[in-house]
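Visitor: sequence plus the predicted model coming up.
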Amino acid sequence: MSKRMIACLKEKQVDHYPFWFMRQAGRYLPEYRKIRESFPDFLSFCYTPDAATEVTLQPITRFDCDAAILFSDILVIPDALGQEVGFTPGHGPKLRPIETAAEITRLEEKRAEEFLQPVFQAVRQIRKSLAEEKALIGFAGAPWTVACYMIEGEGSKEFAKARQFAYREPIAFSQLIDCLVRVTTAYLSEQIKAGADVVQLFDSWAGLLPPDEFKRWVIEPTQQIVSQLKTLHPDIPVIGFARCAGMMLADYANSTDVDGLGIDTSMPLIKAREAAPKQALQGNLDPLLLATDKARIMTQTKRMMKDMKGTPYIVNLGHGIVPHTPIDHVQAFCDTVREIRG
Ligand code: 1CP
């Protein structure tokens, strides 16, 4: 059986409606929490191939989604580059922030690939255990979003330190972005060699940038990564998720040449379709609606599928599942998709 995800992304087949959820392996699942308890340190969890394999497969076993996404995190890249990265439960990531241009030159680019071997091992194991018709999604953070965390040192609503660093030290900042382009391309290429069928670039903080900076720090680096990946692996589709791109979505879609576009909750799917007629679209149910209102989940899911009818479309959320999401709500979403697609 062929993969619904690939038919939609590469062949642009319509009305296939593959579905998966951003952050589908996570704390809303009791079977995830159970394994998570045995790893006080989140990153060692990510670097243990057996554990990463098991939690990657959990949502497939439970919901029969069309795609599994590798269990890892976007912040393994700064970790691999030698920056101090930690996760405190309930508080998210903490990094020793980059404050000067000199610190960028000290990043240990050469050790990254070797350091990330456990991730590639997990990809090999997952692909082996996964049914042939399911796609395995590899992923990385896009350079802008990863740089945000490297400079800010933690999650933030505004990433003011990172944005100001980019204005104050454009040369150093572009060296950081170039380094991330190289490391991310190699990282995704290795995931593909290990068995990933498609890769997604998460640019969660793209929407913080004004248009010129969006072009320079979001579009250009993404374009470079996509074009290098296409040279190395012409058959592997790439999904770009530039969250809150808004009016820049059309430019992002045209300039980066991604095969699929993740759409956030703020963008009407019909408007996204007008802005990006060539790509498969993916999204954009509000994760907070998924957590709250079962009846509306069904009507909203039907509406998304109707709006995208006759075009290549992957049913998904507009951002990651939140930890307090009831499992029966996720089940209702899956049942609705299956009922409509037949
Ligand atoms: O305690 C725990 O179990 C840690 C929670 C957690 C999980 C389950 C973190 C910490 N990361 C992850 C896994 C993860 N992260 C996946 C796994 C695959 C999946 O099931 O989807 C993926 C794809 C990510 C990607 C990721 N990490 C993004 C991009 C997507 C997004 O949500 O915008 C970002 C920004 C991160 C950073 C990060 N890692 C973890 C947290 C809590 C955060 C957000 C920090 C913040 O800004 O507040």
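Guide: Sure, I can see it.
Visitor: list the contacts of the residue nearest in space to the middle of the chain.
Guide: Closest to where the C-alpha atoms of the chain average out (C-alpha atoms, centre = their mean) is Phe202, at 3.9 Å. Each residue near Phe202 by C-beta atoms under 8 Å, 6 or more residues apart in numbering is listed here: 74, 139-142, 145, 241, 243. C-beta: built from backbone N, CA, C; applies to glycine.
Visitor: which helix or strand contains it?
Guide: Using DSSP states H and E, Phe202 maps to strand 198-203.
Visitor: show me how far stretch 82-93 is from its chain's centre.
Guide: For stretch 82-93, the separation from the chain centroid amounts to 19 Å (computed by C-alpha atoms, centre = their mean, to the nearest Å).
Visitor: counting neighbours, which bits of it end up buried?
Guide: 83, 85, 87, 93 (16 or more other C-beta atoms under 10 Å).
Visitor: identify the farthest-apart pair in these.
Guide: Using C-beta to C-beta, the buried residues of stretch 82-93 reach their maximum pairwise distance at Gln83 and Phe87, which is 13.6 Å.
Visitor: so what's the closest residue to the ligand within the stretch 151-300 of the chain up against?
Guide: Using C-beta to the nearest ligand atom, the single residue of the stretch 151-300 of the chain nearest to the ligand is Gly155, 2.6 Å away. Applying C-beta under 8 Å, 6+ apart to Gly155 gives the contacts 92-93, 149.
Visitor: hmm, try it at 6 Å
Guide: Gly92 (C-beta atoms under 6 Å, 6 or more residues apart in numbering).
Visitor: separation between it and Pro93?
Guide: Per C-beta to C-beta, to the nearest Å, Gly155 is found 6 Å from Pro93.
Visitor: and what of Phe42?
Guide: For Phe42 relative to Pro93 (C-beta to C-beta), the value is 9 Å.
Visitor: mutual contacts of the two, please.
Guide: Joint contacts of Phe42 and Pro93 (C-beta under 6 Å, 6+ apart) are Phe87.
Visitor: follow-up on the earlier one: what strands flank the strand holding Phe202, and is each parallel or antiparallel?
Guide: Its sheet considered, strand 198-203 pairs with strand 135-141 (parallel), strand 238-242 (parallel) by DSSP bridges.
Visitor: for the ones you listed, which one sits closest to Pro59?
Guide: Among those, strand 135-141 comes nearest to Pro59, with 11.8 Å by C-beta to C-beta.
Visitor: returning to that earlier point: which ones among the buried residues of stretch 82-93 also lie next to the ligand?
Guide: 87, 93 (C-beta under 6 Å from any ligand atom).
Visitor: could the buried residues of stretch 82-93 be laid out in TSV, adding secondary structure?
Guide: Output for the buried residues of stretch 82-93, formatted as TSV (DSSP: H, G, I helix; E, B strand; the rest coil):
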residue	secondary structure
Gln83	coil
Val85	strand
Phe87	strand
Pro93	strand
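Visitor: which SSE is the most far-flung residue of the chain relative to its centre in?
Guide: Ranked by distance from the centre of the chain (C-alpha atoms, centre = their mean), the top residue is Ala102, with 29.8 Å. Using DSSP H and E, Ala102 sits in helix 101-105.
Visitor: and that helix, what other elements does it pack with?
Guide: helix 170-194 (3 or more C-beta pairs under 6 Å, 6 or more residues apart in numbering; DSSP states H and E).
Visitor: any idea of the mean pLDDT in the helix it packs on?
Guide: Across helix 170-194, pLDDT averages out at 98.
Visitor: does it reach the ligand?
Guide: No - using C-beta under 6 Å from any ligand atom, helix 170-194 stays clear of the ligand, coming no nearer than 12.3 Å.
Visitor: list the buried residues of that helix.
Guide: Under the neighbour-count criterion of 16+ other C-beta under 10 Å, helix 170-194 has 172-174, 176-177, 179-192, 194 buried.
Visitor: close to the ligand: what parts of the stretch 201-342 of the chain are there?
Guide: So far as C-beta under 6 Å from any ligand atom goes, the stretch 201-342 of the chain lies against the ligand at 202, 204, 320.
Visitor: do I have it right that Arg27 meets Thr325?
Guide: No - using C-beta atoms under 6 Å, Arg27 makes no contact with Thr325, being 9.2 Å away.
Visitor: ok, those two, which is more surrounded?
Guide: With neighbours defined as other C-beta atoms under 10 Å, Arg27 and Thr325 compare such that Thr325 has more, 23 against 14.
Visitor: I'd like the distance between the more buried one and Ile137.
Guide: Taking C-beta to C-beta, one finds Thr325 at 20 Å from Ile137.
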